[in-house]
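K.L.:
Generate a structure from the sequence data that follows.
(one chain, ligands or ions: 2)
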Amino acid sequence: MRSTLLTDIAELTTVDPEGRVLADAAVVVEDERIAWIGAAAEAPGADERVSVGGRAVLPGWVDSHTHLVFDGDRSAEFEARMAGESYAAGGIGVTTSATREASDERLRALVAGRVADAVAGGTTYLETKTGYGLSVQEEARHARLLSELKAEGQIDEVTFLGAHLVPKGREAEDYLDDVVGPMLDAVREHVGWIDVFCDKGAFDAAQTRRVLEAGTAAGLRVRLHGNQIEEGPGVGLAVEFGAASVDHVNFLADADVEALAGTWGDWDRASAAGTPGTVAGCLPACDLSTRAPLAPARRLLDAGIEIALASNCNPGTSYTTSMNFNVATAVLQMGLTLAEALRAATLGGAIGLRAQDRVGSLEVGKRADLHVLDAPAAIHLAYRPGMPLTHAVWRAGRRVV
Ligand SMILES: N=CN[C@@H](CCC(=O)O)C(=O)O
Ligand SMILES: [Zn+2]
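P.N.:
Ligands and ions are numbered 1, 2, ... in the order given. Have a look, this model is predicted:
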């Protein structure tokens with residue numbers, strides 16, 4: 001066993017059950033886990049000593065929603081949006097065409113580059129999805145590629161999003177026959193989650209239900225895209241299927257908020273213990289890029305719902321893996337305190353991936369995923385938005401940045 005003492009931490013944000021923020025702190029890492037946390041003056045010895053030089057340390061970001069398997073460029077679509085066009089689901093088809101053309105090697109390199117960008121920005125636990133293949137062969141290819149990257153330890157969770165859009169030239173029900181049949185069979189061994197884009201221009205309630213029933217019967221856990229473009233059935237279906245997370249949540253009826261809140265009755269928020277409900281995944285960069293109303297994170301938190309902040313990196317609505325940017329936006333524009341935003345971007349994402357026992361906070365026994373800021377306090381993330389504040393990153397006890 002090899003131990004490392006990280007010391008000279010000016011401010012250590014733990015996101016632990018007491019929400020401790022320690023001054024003049026230290027952390028001992030043993031192999032891939034956290035072995036000790038406390039005052040630097042009381043730190044035990046270790047094989048190696050690393051001074052972080054009076055910087056702030058927080059848990060690595062948990063990015064619970066990304067779409068990293070894509071090729072092609074949609075900057076013109078974005079530019080048109082900035083000139084007044086609305087976002088529509090159909091753009092997914094543009095990326096699908098470009099992605100189908102890309103070789104395995106090219107796709108692998110594109111995904112690996114995006115993961116490297118995410119890690120360079122402090123992300124240490126990352127989910128990503130298929131969804132730009134939209135045929136049995138292509139969805140299977142993307143799922144296999146992602147499971148290989150997972151086996152290499154580059155990504156952590158893989159989601160099947162065959163129901164992202166009805167591809168050009170297909171009828172919805174005919175396409176869904178594939179999704180719930182041969183496509184699901186082909187991806188099953190490579191993925192842990194099933195997802196559906198349940199919204200205007202994508203899939204309706206009956207179609208979403210069909211996919212989720214097949215996915216759960218195949219043993220996949222549920223997460224959902226819902227209520228991005230308009231109020232609709234997404235949140236209700238997420239609750240009905242016990243989804244770990246429903247993401248976007250821009251357009252919510254009172255009943256949606258009540259339904260989500262109702263899933264958190266057996267949960268103790270302070271200790272993050274009990275039976276977790278359906279996390280509301282808020283995606284600020286996406287909201288800005290689509291000029292949508294920012295997800296009502298304040299209202300959701302006040303209703304007792306756990307929220308996550310995630311990048312939703314994809315070429316259509318959010319071409320960024322920067323969690324620093326999302327956290328800054330949540331503080332500056334969504335009415336969250338720094339502590340609330342940090343929790344949502346770490347433990348909140350972990351709960352939304354049901355990984356809260358392993359990652360998402362700095363606690364003894366958890367994976368040593370640490371983000372060192374080039375600043376004395378984490379509030380600098382919002383105070384100096386857009387600045388390159390990620391100084392160093394440890395993932396599973398290994399320095400990766
Ligand atoms: N909304 C659905 N899927 C993606 C966007 C996909 C695209 O436009 O390419 C999202 O989460 O925003
Ligand atoms: Zn998405």
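
K.L.:
So which residues on this structure come close to ligand 1?
P.N.:
Neighbours of ligand 1 within the chain, by C-beta under 6 Å from any ligand atom: 67, 91-92, 95, 197, 225, 228, 286, 312, 314-317. All C-beta atoms are positioned from the backbone trio N, CA, C, and that covers glycine.

K.L.:
quick one: low-confidence parts of the stretch 301-401 of the chain?
P.N.:
The stretch 301-401 of the chain contains no residues with pLDDT under 70.

K.L.:
hey, where'd the strands end up in it?
P.N.:
Taking DSSP state E, counting those that start in this stretch to define them, one finds strands in the stretch 301-401 of the chain at 307-309, 370-373, 390-395, 398-399.

K.L.:
so which of these is the most packed in?
P.N.:
Most buried of the strands of the stretch 301-401 of the chain by mean neighbour count (mean count of other C-beta atoms under 10 Å) is strand 307-309; its value is a mean of 31.

K.L.:
could you say what helices and strands that strand packs with?
P.N.:
With contacts taken as 3 or more C-beta pairs under 8 Å, 6 or more residues apart in numbering; DSSP states H and E, strand 307-309 sits against strand 279-282, helix 297-302, helix 323-333, helix 349-352.

K.L.:
neighbouring contacts of it?
P.N.:
Outside strand 307-309, the residues that touch it by C-beta atoms under 8 Å, 6 or more residues apart in numbering are 62, 64-65, 245, 247, 279-284, 297, 300-301, 323, 326-327, 330, 341, 344-345, 348-349, 351-352.

K.L.:
Go again with 7 Å.
P.N.:
Applying C-beta atoms under 7 Å, 6 or more residues apart in numbering, the contact partners of strand 307-309 are 64, 245, 279-282, 284, 297, 300-301, 326-327, 330, 341, 344-345, 348-349, 352.

K.L.:
For that strand, which strands pair with it and how are they oriented?
P.N.:
strand 279-282 (parallel) (DSSP bridges).

K.L.:
next helix or strand past the strand it pairs with?
P.N.:
helix 284-289 (DSSP states H and E).

K.L.:
residues in contact with that following helix?
P.N.:
78, 250, 294-295, 309, 311-312, 317-318, 320, 325-326, 329-330, 334.

K.L.:
ok, of these, which come out buried?
P.N.:
With burial judged by 16 or more other C-beta atoms under 10 Å, the buried subset of the contacts of helix 284-289 is 78, 250, 294-295, 309, 311-312, 317-318, 320, 325-326, 329-330, 334.

K.L.:
Next one, pLDDT for the residue lying closest to Leu362 once chain neighbours are set aside please.
P.N.:
Residue nearest to Leu362 in three dimensions, not counting chain neighbours: Thr14, with 4.4 Å by C-beta to C-beta, 6 or more residues apart in numbering. We have a pLDDT of 98 for Thr14.

K.L.:
who touches the residue lying closest to Ile34 once chain neighbours are set aside in this structure?
P.N.:
Distance criterion C-beta to C-beta, 6+ apart; nearest residue to Ile34, sequence neighbours excluded, is Ala368 at 5.0 Å. Listed by C-beta under 7 Å, 6+ apart, the contact set of Ala368 reads 29, 32-34, 394, 396-397.

K.L.:
Repeat that for Val257.
P.N.:
The contact partners of Val257, by C-beta under 7 Å, 6+ apart, come to 299-300, 303.

K.L.:
what do you get for Ala10?
P.N.:
Contact partners of Ala10, counting by C-beta under 7 Å, 6+ apart, are 23, 54-56, 376-377.

K.L.:
now Val62
P.N.:
Here Val62 is in contact with 125, 346, 349-350, 353, 359-360 (C-beta under 7 Å, 6+ apart).

K.L.:
picking up where we left off before, tell me which of the helices and strands packed on strand 307-309 lies nearest to Phe203.
P.N.:
Smallest distance to Phe203 across the helices and strands packed on strand 307-309 (C-beta to C-beta): 17.7 Å, for strand 279-282.

K.L.:
May I have the closest one exported as CSV, CA atoms only?
P.N.:
What follows is strand 279-282 as a C-alpha-only set of coordinates in CSV (Å, rounded to 0.1, in the frame of the first residue of the first chain):
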residue,chain,number,x,y,z
VAL,A,279,-32.5,13.6,-9.1
ALA,A,280,-33.3,16.6,-11.1
GLY,A,281,-30.4,17.1,-13.5
CYS,A,282,-29.9,20.8,-14.3
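
K.L.:
Now do the contacts for the residue of the chain found nearest ligand 1.
P.N.:
Proximity of the chain to ligand 1 (C-beta to the nearest ligand atom) peaks at Gly316, 2.3 Å away. Gly316 makes contacts with 74, 77, 91-92, 95, as judged by C-beta under 7 Å, 6+ apart.

K.L.:
For it, give its distance to Ala89.
P.N.:
Remark: distance between Gly316 and Ala89 (C-beta to C-beta, to the nearest Å) = 9 Å.

K.L.:
How about Leu149?
P.N.:
26 Å.

K.L.:
hang on, the earlier thing: the residue nearest to Leu362 reaches Val364, doesn't it?
P.N.:
No: in this structure Thr14 lies outside contact range of Val364 using C-beta atoms under 7 Å: 10.3 Å.

K.L.:
Which one's more surrounded, those two?
P.N.:
Thr14 (22 against 14; other C-beta atoms under 10 Å).

K.L.:
show me the contacts for the more buried one.
P.N.:
Counted by C-beta under 7 Å, 6+ apart, Thr14 has contacts 20, 37, 361-363.

K.L.:
Report the beta-bridge partners for Asn12.
P.N.:
Slight slip there: residue 12 is Leu, not Asn. Applying DSSP bridges, one finds that Leu12 bridges with Leu22, Val57.

K.L.:
Now do it: how many residues are near it, please.
P.N.:
Neighbours of Leu12 (other C-beta under 10 Å): 26.

K.L.:
Hmm, it is touching Ala25, no?
P.N.:
Yes: contact criterion C-beta under 7 Å: Leu12 and Ala25 qualify, at 3.8 Å.

K.L.:
per-domain residue ranges of this protein.
P.N.:
3-60+361-399, 61-352 (automatic domain parsing).
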